[in-house]
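Enquirer: What follows is a protein structure lacking sequence information:
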């Protein structure tokens, strides 16, 4: 693969761009990375031995607009020539959560019990806050499904409003909570 810019160009070989999987660093940390085995090779996590529990994850993100565009969107209650931005983003987020395993290579396909999305206007930030809640009764968690739902919902809002401005920022996408697995998580 060749990378270049106006000042210089250089070749990256396969050996240079790929970490040495036999190195002590990868072997030392492989046990902490669930998708790497002890040799540093990629694999799908075996969840066969895990207990079936109800697991839930909440994620959120923000779509931030220039002040005048945010005011226009809020005044129109999210309606554009393309339709309701939040209703369309809601459907897109649900569809995305259900297809996470098709988008993220090592995710397990899961029979989701619930996918919910909520949207709120955040006046101080000139943003629409998107929150997803995903629940499953299974052997593995749904953090990636919650994050995927928020990501695609935010991207859909961008798509629905880009005719008004391209100065739109998708920001602070993160996991808020996860429960029901080996360990629970609550963001600070």
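Expert: Arrived safely, thanks for sending. If you're wondering where the values come from, they're calculated on a predicted model, not measured in any experiment. Numbering: from 1, shown residues only.
Enquirer: If residue 135 is in a bridge, with which residues?
Expert: For residue 135, the beta-bridge partners are residue 56, residue 114 (DSSP bridges).
Enquirer: Confirm for me that it is in contact with residue 110.
Expert: No. Using C-beta atoms under 8 Å, residue 135 is not in contact with residue 110, being 10.3 Å away. (C-beta placed from N, C-alpha, C; glycine too.)
Enquirer: any common contacting residues for the two?
Expert: Overlap of the contact sets of residue 135 and residue 110 (by C-beta atoms under 8 Å, 6 or more residues apart in numbering) consists of residue 142.
Enquirer: which residues pair with residue 60 across the strands?
Expert: Going by DSSP bridges, residue 60 forms beta bridges with residue 131, residue 174.
Enquirer: Distance check, it against residue 111.
Expert: The gap separating residue 60 from residue 111 is 24 Å, by C-beta to C-beta, to the nearest Å.
Enquirer: Looking at the two, which is more packed in?
Expert: residue 60 (21 against 8; other C-beta atoms under 10 Å).
Enquirer: quick one, what contacts the more buried one?
Expert: 129, 130, 131, 132, 150, 172, 173, 174, 176.
Enquirer: elements contacting the strand or helix carrying the fifth one?
Expert: If I follow you right, that is residue 150. If you go by DSSP states H and E, residue 150 is part of helix 143-161. Contacts defined by 3 or more C-beta pairs under 8 Å, 6 or more residues apart in numbering; DSSP states H and E place helix 143-161 against strand 53-64, helix 85-98, helix 100-103, strand 114-122, strand 127-138, strand 169-179.
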